[in-house]
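# The sequence isn't on hand, but the structure is:
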Ligand SMILES: Cc1cc2nc3c(=O)[nH]c(=O)nc-3n(C[C@H](O)[C@H](O)[C@H](O)COP(=O)(O)O)c2cc1C
């Protein structure tokens, strides 16, 4: 697939089957992070791969966090999250190695992590795989972050669920970009998207 066609056709999905990428293909996919824009060359992105037998271990940590935050969380919600984390072909925890003392503001360090994650999502699609970025309460759970190796000030930007999407899935149509673009002529702009 040509590079631009690939960028124009990516969409997220959590309906993912085996296989997930591995070996040199996974290395190539993750290597696209190293091309992300990165103020100060801090390279704040870190990736933790959770697959195989490690999956239920992560799922139990996620569930423990849910119950710690809300002991009355409905059983169906717990089971759904347990199943997701236990069965995704590959989960990539998006670690952030943050340097609060650095002259580069934290928001810029976090944006670099996000830019790198986007490269990975695009690379997954370009290689015939798929994924989705998820966050929620679990992404800001310090105990979960710590269990994965990210004690404060470091943390998580969420998780990428990764695998093979159904080739026949309905891909949502792409909205035209014109409502999100304006040409500036000296006065503040407005956008069709905001009308
Ligand atoms: C930082 C971030 C966090 C997200 N967290 C969630 C989430 O917790 N749950 C969810 O369903 N989608 C979440 N999304 C949205 C999906 O990753 C995805 O972008 C969305 O379903 C739209 O699909 P698209 O990427 O094909 O446009 C998040 C996106 C970003 C960028």
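Sure, I can see it. What you are looking at is a predicted structure, and each value in this text was computed from that prediction instead of being measured.
# For the protein, which residues are neighbours of the ligand?
For the chain, the contact set with the ligand under C-beta under 6 Å from any ligand atom comprises 11-12, 132-136, 158. C-betas here are computed from N, CA, C, even on glycine.
# Return the subset of those lying in helices.
Judged by DSSP state H, helices contain none of the residues of the chain next to the ligand.
# A PyMOL selection for the residues you listed, restricted to the buried ones, would help me check which they are.
Burial among the residues of the chain next to the ligand is assessed by 16 or more other C-beta atoms under 10 Å; the matching PyMOL selection reads:
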select buried, resi 12+132+133+134+158
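# Might you calculate how far stretch 56-69 sits from the centre of the chain?
What separates the centre of stretch 56-69 from the centre of its chain is 19 Å, taken as C-alpha atoms, centre = their mean, to the nearest Å.
# cool, stretch 52-59 as well?
Averaging C-alpha positions (C-alpha atoms, centre = their mean) puts stretch 52-59 18 Å from its chain's average.
# any idea of the mean pLDDT for it?
In this model, stretch 52-59 has an average pLDDT of 98.
# ok, and for it, which residues are buried?
Neighbour-count burial for stretch 52-59, counted by 16+ other C-beta under 10 Å, picks out 55, 58-59.
# likewise stretch 66-85?
Of the residues in stretch 66-85, those with enough neighbours to count as buried (16+ other C-beta under 10 Å) are 66, 81-82, 84-85.
# farthest-separated two in those?
Using C-beta to C-beta, the pair of these lying farthest apart is 66 and 84, separated by 12.1 Å.
# all strands for this structure, in order.
For the chain, the strands identified by DSSP state E occupy 16-17, 45-50, 90-96, 130-134, 155-165, in order along the chain.
# Partner strands of the shortest one and their direction?
It stands for strand 16-17. The pairing partners recorded for strand 16-17 under DSSP bridges are strand 155-165 (antiparallel).
# in the strand it pairs with, what's buried?
Of the residues in strand 155-165, those buried under the neighbour-count criterion (16+ other C-beta under 10 Å) are 155-165.
# Just the closest of the residues you listed to the ligand, please.
Looking at those and their distance to the ligand, the nearest is residue 158, at 5.2 Å (C-beta to the nearest ligand atom).
# Next up, the contacts around the closest one.
94, 117, 133-136, 139 (C-beta atoms under 8 Å, 6 or more residues apart in numbering).
# any chance of the residues you listed in CSV, plus distance to residue 3?
Supplementary listing: these in CSV, determined by distance: C-beta to C-beta, whole Å:
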residue, distance to residue 3
94, 23
117, 18
133, 21
134, 26
135, 28
136, 32
139, 30
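# Grab the two from those that are most spread out in space.
Looking at the contacts of residue 158 by C-beta to C-beta, the two members farthest from one another are 117 and 136, with 15.5 Å of separation.
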